[in-house]
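Asks: below: sequence and its predicted model.
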Amino acid sequence: MSENLFAGTAMARRAVYQYGVLLEKGERDSLAIGIGLGQSTGTLTFVLPTHEVKKTGEKIVIDGVEMTFQITPGTEAPAEMNTYFPKSKALWLAENCTGTLHNLYTLRGAEVRDGNAWAKYLLEVIVLFGSEAEATFQSHNWPHWENDVIRKYMENTAAICKFIHDQTLMYINLGFTSDEISNMIHLPEYFEQIWYTRQYSGTVVHNARAFYQKHVGWYDANPVNLNPLNPSERARKLVEYLRDTERVMEMAFSDFLAGEYQWVAEITNILVFADPQIMAARYLCADALKQLGYQSESGTWRNAYLTAALELRTGNSKDDSKLAKGNTDILTNLTVEMLLDYLGMLIDSNAAEDIDITFNLVITDSDESYLVHLFHGVLLNYKDQTREQVDATLTCPKIGLLAIISKNEAQQERLIKVDGDEDLLIMMTQAMVTMDRTFNIVEP
């Protein structure tokens, strides 16, 4: 919930590339996403859980069906668990085994998953239920049958998580950078020959980069890279140095014919970022990206390459009609603290530079109170605190915060009682940005 709240707008846009939602289905466009044929683009809903599983080994019975749980936090998701059905000797593996090399980092953007913990929990599930289980099933791909098959299935999946994790750390400690390591690690021949550990969804390249970031961060220790120019400025300087862009395009086309698609995509995209109106560069970059897409075994890589090629050719349509839609289920189940944190993310510090206001916030339906201080672009809140000397006191149900977030003045007036400075809400609203789910990616 928090992941999709705080970075949800960016994730939704990036997911367009990962899942290929703008692409037609077919041999020239989107085929699959590695863990299935496609992403749901319906309406996102939320039902508050009625029972919380808190420890491995917990057992519950629902309608006569007995279940035993294994808690696996920090694997495919921050909160994850496997479930064993002893009567059927069936093991539900959630997304911890998915019939492919999974995403230890997902291209839509998320926290890097702990490959070492992922492997250990899979080994634990083998110890817990592996001697009995006769079938496994999971969120993605089809079931697996027979005890010896499913034990090997879980062990091999654990091994590739551990392999990428351990090899990345080995190379880090030998002094190699993220770009170098991602080009150095290759799955052993044994795992290349197993269909369910191949790179249909996740890849060794981007998972290795993720582990580099997880353990030592984005910085490669070269001070030249401490504070690089932004992409557009860097591109303009490179074009200034290259001078003859027509000659660059001639050389790029020659490299394209020679099959050097990655380099062609890189150099032409620099020209695009220097000037998005250089149509020859846009089209050649698109052609190179299409070839990279057609060469990709990973469905998510293919979708990313082909979506970028589409937008270079036709432009960013700014159409979010194909994206999943949310509803109030999710928003109304967020905590007040999460909503205040999200509100703080919407404050543009440039617009709020000279604002210094303090107000009490009283939430009537959850009986909560906060002291909130907005000053110089930062929104701080103190739970269970109020003060007498404030600019205003806002009293409302929790959904009143949603009215502030959505900048809905009519709902604010109906839901929020303001005692004090009546311009306070206007001042806050004017300092808030509106999220854009269609921002540019492959061009500035």
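Replies: Noted; the coordinates are in hand. Residues are numbered from 1 along each chain as shown.
Asks: mind checking pLDDT for Val47?
Replies: Val47 carries a pLDDT value of 85.
Asks: typo on my end, it should be Trp263
Replies: According to the predicted model, the pLDDT of Trp263 comes to 98.
Asks: show me the helices in the stretch 201-350 of the chain, by range?
Replies: Taking DSSP state H, counting those that start in this stretch as the test, the helices found in the stretch 201-350 of the chain are 204-216, 231-242, 245-257, 261-274, 279-294, 299-314, 328-332, 336-346.
Asks: now those helices in JSON lines, with mean neighbour count and distance to Ala159?
Replies: Where you see a C-beta, it was placed from the backbone N, CA and C, and this is true even at glycine. Putting those into JSON lines (neighbours: other C-beta atoms under 10 Å; distance: least, C-beta to C-beta, whole Å) gives the following:
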{"stretch": "helix 204-216", "mean neighbour count": "21", "distance to Ala159": "13"}
{"stretch": "helix 231-242", "mean neighbour count": "14", "distance to Ala159": "38"}
{"stretch": "helix 245-257", "mean neighbour count": "15", "distance to Ala159": "38"}
{"stretch": "helix 261-274", "mean neighbour count": "21", "distance to Ala159": "29"}
{"stretch": "helix 279-294", "mean neighbour count": "21", "distance to Ala159": "28"}
{"stretch": "helix 299-314", "mean neighbour count": "23", "distance to Ala159": "22"}
{"stretch": "helix 328-332", "mean neighbour count": "14", "distance to Ala159": "37"}
{"stretch": "helix 336-346", "mean neighbour count": "17", "distance to Ala159": "37"}
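Asks: quick one, which of the ones you listed is nearest to Ile172?
Replies: Across the helices of the stretch 201-350 of the chain, the minimum distance to Ile172, taken as C-beta to C-beta, is reached by helix 204-216, at 5.9 Å.
Asks: now do the closest one: distance to the chain's middle.
Replies: Helix 204-216 has its C-alpha centroid displaced from the chain centroid by 15 Å (C-alpha atoms, centre = their mean, to the nearest Å).
Asks: what's that helix packed up against?
Replies: helix 147-173, helix 178-184 (3 or more C-beta pairs under 8 Å, 6 or more residues apart in numbering; DSSP states H and E).
Asks: now tabulate those helices in JSON lines and tack on mean pLDDT.
Replies: Putting the helices and strands packed on helix 204-216 into JSON lines (pLDDT from 0 to 100) gives the following:
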{"stretch": "helix 147-173", "mean pLDDT": "97"}
{"stretch": "helix 178-184", "mean pLDDT": "96"}
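Asks: return the most buried member of those.
Replies: Mean neighbour counts were taken over the helices and strands packed on helix 204-216 using mean count of other C-beta atoms under 10 Å, and the top value, a mean of 19, falls to helix 147-173.
Asks: that helix vs helix 204-216, what angle?
Replies: Relative orientation of helix 147-173 with respect to helix 204-216: 60 degrees, computed using axes from the mean of the first three to the mean of the last three C-alpha atoms, to 10 degrees.
Asks: for helix 147-173, what is the distance to the chain centroid?
Replies: Going by C-alpha atoms, centre = their mean, the spacing between the C-alpha centre of helix 147-173 and its chain's C-alpha centre is 23 Å.
Asks: need the contact list for Ser369.
Replies: Contacts were defined as C-beta atoms under 8 Å, 6 or more residues apart in numbering; by that measure Ser369 touches 360-363, 384-386.
Asks: grab the nearest non-local neighbour of Asp356.
Replies: When the adjacent residues along the chain are set aside, Asp356 lies closest to Phe375, with 4.3 Å between them (C-beta to C-beta, 6 or more residues apart in numbering).
Asks: quick one, phi psi at that neighbour?
Replies: Here the main-chain torsion angles of Phe375 (degrees, to the nearest 10) amount to phi -150, psi 130.
Asks: likewise Asn82?
Replies: Taking degrees, to the nearest 10 as the convention, Asn82 sits at phi -100, psi 160.
Asks: distance of it from Glu95?
Replies: Relative to Glu95, Asn82 is positioned 10 Å away (C-beta to C-beta, to the nearest Å).
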